[in-house]
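Peer 1: Sharing a model that was predicted from the sequence below.
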Amino acid sequence: MAAGGVAEAFEAASASAYKAVLRPIEGTILTVTKKASVGARRAADRGGRLVDVLREARTAGREALADTPNQLAVLKEAG
């Protein structure tokens with residue numbers, strides 16, 4: 001699968017996850033998947049190779065995961 005196809009798959013997975021939840025809340029795994037898909041798309045749009053798309057998705061996902069406590073009060077309180 002080409003790099004652009006993987007980025008599309010990330011986007012489709014994120015969209016499906018949001019649709020599957022009755023009341024999506026930012027600061028959850030939904031946010032992580034969305035940010036990962038944005039990272040994948042960014043790399044693909046720059047003409048990145050498959051490995052670049054995957055690395056950018058991983059980096060964006062990790063950053064989003066680290067930021068979840070700032071988006072969801074219950075996580076911030078729990079530390």
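Peer 2: Structure received.
Peer 1: Report all helices and strands that the helix or strand encompassing Asp67 contacts.
Peer 2: Taking DSSP states H and E as the definition, Asp67 sits inside helix 50-71. When contacts are defined as 3 or more Cβ pairs under 8 Å, 6 or more residues apart in numbering; DSSP states H and E, helix 50-71 packs onto helix 3-20, helix 29-45, helix 73-78. In short, each C-beta sits where N, CA and C put it, glycine included.
Peer 1: Now do the buried residues in the first one.
Peer 2: This means helix 3-20. Under the neighbour-count criterion of 16 or more other Cβ atoms under 10 Å, helix 3-20 has 3-4, 6-8, 10-11, 14, 17 buried.
Peer 1: separation between Val51 and Gly27?
Peer 2: Relative to Gly27, Val51 is positioned 29 Å away (Cβ to Cβ, to the nearest Å).
Peer 1: An error on my part: the question was meant for Lys19.
Peer 2: Going from Lys19 to Gly27 by Cβ to Cβ gives 18 Å.
Peer 1: Over to Ala66?
Peer 2: Distance from Ala66 to Gly27, by Cβ to Cβ: 12 Å.
Peer 1: swap in Ala13?
Peer 2: 19 Å.
Peer 1: Asn70 now?
Peer 2: 8 Å.
Peer 1: Could you do Leu50 as well?
Peer 2: 30 Å.
Peer 1: returning to what we had before: Asn70 and Gly27: who's more crowded?
Peer 2: Set side by side, Asn70 and Gly27 show more neighbours around Gly27, with 18 against 10, by other Cβ atoms under 10 Å.
Peer 1: which stretches of this structure have low pLDDT?
Peer 2: 1, 74-79 (pLDDT under 70).
Peer 1: circling back: report the buried residues of the helix holding Asp67.
Peer 2: Applying 16+ other Cβ under 10 Å to helix 50-71 flags 50, 52-54, 56-57, 60-61, 64, 68 as buried.
Peer 1: Let me have the residues you listed in a markdown table, adding distance to Gly39 as columns.
Peer 2: Formatted as a markdown table, the buried residues of helix 50-71 follow (distance: Cβ to Cβ, whole Å):
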| residue | distance to Gly39 |
| --- | --- |
| Leu50 | 14 |
| Asp52 | 10 |
| Val53 | 8 |
| Leu54 | 10 |
| Glu56 | 4 |
| Ala57 | 5 |
| Ala60 | 3 |
| Gly61 | 7 |
| Ala64 | 9 |
| Thr68 | 16 |
